[in-house]
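Asker: I would like the atomic coordinates for the input below:
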Amino acid sequence: MFVIYTVIYCLLLPFFLPKEITKRPKGTRLNWFREKIGSVEKDEGWAVWVHAVSVGEVMAAAPFIEALNERGVKTVISTITDTGRKVARYRFPGMRIIYLPFDLPVALGRAIDRINPRAFVLMETELWPNAIRVMQGRGVPVFIVNGRLSEKSSAGYRKMRFFFKRVLSKVALICVQDEVYAERAAAIGAEPGKVAVTGNFKFEMKAQTHAPEWIGKIPEDVPVIVAGSTHKGEEALVLSVYKKLKEKKFPSLALVLAPRHPERVPEVEEELKGAGLDHVRSSEVEGIQGTLSAPVIVVDTVGELFSAYSRADVAIVGGSFASRGGQNPLEPAYWGKPVVCGPDMRNFPFMDELLKAGGAMMVKNDSMTDALETLLSDEVKRAEMGSKARAFYIERAGAVKKTVEAIMEFLK
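Answerer: Numbering: from 1, shown residues only. This next block holds a predicted model:
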């Protein structure tokens, strides 16, 4: 089956390769291609290779990587997306960060020779059959950590259970977030003895020691809404609500708007122009003297949203109003901020618990204005919701320690 998979991969590669190359800036294309064929820089010694696909996985992996580093374990991070790579560089300056090679034995073998991994760690739901097979065949134990399987992806894997059972048989340990994911892992072929419920890394994210300069430019007496990781269509909704709130009751209200994908910033700026709202990009704040006068800050810098939530009076979680399954509500919860989300938070099964705990509020598009007006008008309610969100976050910590200890046993 691995041979058939490899043949299909090779046949499909010429179709998506041109697009993958041309979508990147000209100055980065050659380096991207080199790393994709495994021609990464050779390093001395050994390392634990951690693969995190994109932004969410990199942020979730951060406390795990820090815990490994505290134990003297050197790590190498690989990503798939450019934004994931940027966040990894922002979060771990000086650490070695590469693109994951094509899932082909030759490319993977070349990279293994240069990196010399002692272990290969896959974050969450990334199953790369050849990467797992080649690593295991070279004596490198493979781990899946912070594992999660949505109902949709689980159904897809079950259709190919005969293949993925063989893939998962080559994984040393699968650490999943909860019992539901453990059952789904077993359903696609994971051996029960290799599956451990260790919890969710996202309950152990830590803020950077320094906050971006632009956060300090917002006047202290100005109420702030932070709308994070928004998707297409959600910015128009947020801006409409924001204008109503300013006109109705909160004339000094400020808005921090952070699109999920930074390349959409020009599109968001057109929305702002159409709404008649002045704005400034977060990357332009450095040259501004004194406090900001523009009521809207558009975050066009990667890796700063987490810190931006620290300045929020109310946090809006994107992806939940555009039927994308929602984005991470734990970043504002970490700071003890009241969380407002839309009806679609299916990517975060614990959301029901957060809502029941009183740390978040789920609203429909047409009721967002009333919900935000209530919160902005009631400091006590905001504080209570924020306190409950923070408590919810803290009570569920411990996943990183359990996972690191399990992996260190293998490394011994």
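Asker: what's the nearest residue to the residue nearest the centre of the chain if we skip its chain neighbours?
Answerer: The centre of the chain sits closest to G56, judged by CA atoms, centre = their mean, with a distance of 0.7 Å. Of all residues not flanking G56 in the chain, N328 sits nearest, at 6.5 Å (CB to CB, 6 or more residues apart in numbering). All C-beta spots, glycine's among them, are computed from the backbone N, C-alpha and C.
Asker: The one you found: what's it in contact with?
Answerer: Contacts of N328 were listed using CB atoms under 8 Å, 6 or more residues apart in numbering, and they are G56, M59, K202, S229, V317, F348.
Asker: so which of the residues you listed is the most crowded?
Answerer: Neighbour counts for these, by other CB atoms under 10 Å, peak at V317, which reaches 29 neighbours.
Asker: what's the residue lying closest to it once chain neighbours are set aside in contact with, if anything?
Answerer: When the adjacent residues along the chain are set aside, V317 lies closest to C341, with 4.3 Å between them (CB to CB, 6+ apart). Shown here is C341, whose contacts under the criterion CB under 8 Å, 6+ apart are I316, V317, S320, G326, P329, M351, A360, M361, M362, V363.
Asker: Just the pLDDT at the first one, thanks.
Answerer: Right, I316. Predicted confidence (pLDDT) for I316: 98.
Asker: For the lengthiest helix in the chain, name the packing helices and strands.
Answerer: Longest among the helix segments of the chain by residue count, using DSSP state H, is helix 2-22. In terms of contacts (3 or more CB pairs under 8 Å, 6 or more residues apart in numbering; DSSP states H and E), helix 2-22 is packed against helix 26-36, helix 129-137.
Asker: would you put the C-alpha positions of that helix in PDB?
Answerer: Taking Å, rounded to 0.1, in the frame of the first residue of the first chain, the C-alpha atoms of helix 2-22 are listed here in PDB:
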ATOM      1  CA  PHE A   2       2.900   2.400   0.700                       C
ATOM      2  CA  VAL A   3       4.100   1.900  -2.800                       C
ATOM      3  CA  ILE A   4       0.700   2.700  -4.300                       C
ATOM      4  CA  TYR A   5       0.500   5.800  -2.100                       C
ATOM      5  CA  THR A   6       3.900   6.900  -3.200                       C
ATOM      6  CA  VAL A   7       3.100   6.400  -6.900                       C
ATOM      7  CA  ILE A   8      -0.100   8.400  -6.500                       C
ATOM      8  CA  TYR A   9       1.800  11.200  -4.600                       C
ATOM      9  CA  CYS A  10       4.300  11.400  -7.400                       C
ATOM     10  CA  LEU A  11       1.600  11.600 -10.100                       C
ATOM     11  CA  LEU A  12      -0.200  14.400  -8.300                       C
ATOM     12  CA  LEU A  13       3.000  16.400  -7.400                       C
ATOM     13  CA  PRO A  14       3.400  18.000 -10.900                       C
ATOM     14  CA  PHE A  15      -0.200  19.400 -10.600                       C
ATOM     15  CA  PHE A  16       0.100  21.300  -7.300                       C
ATOM     16  CA  LEU A  17       3.900  22.000  -7.400                       C
ATOM     17  CA  PRO A  18       3.700  25.000  -9.800                       C
ATOM     18  CA  LYS A  19       1.000  26.700  -7.800                       C
ATOM     19  CA  GLU A  20       2.900  26.100  -4.500                       C
ATOM     20  CA  ILE A  21       6.100  27.600  -6.000                       C
ATOM     21  CA  THR A  22       4.500  30.700  -7.700                       C
END
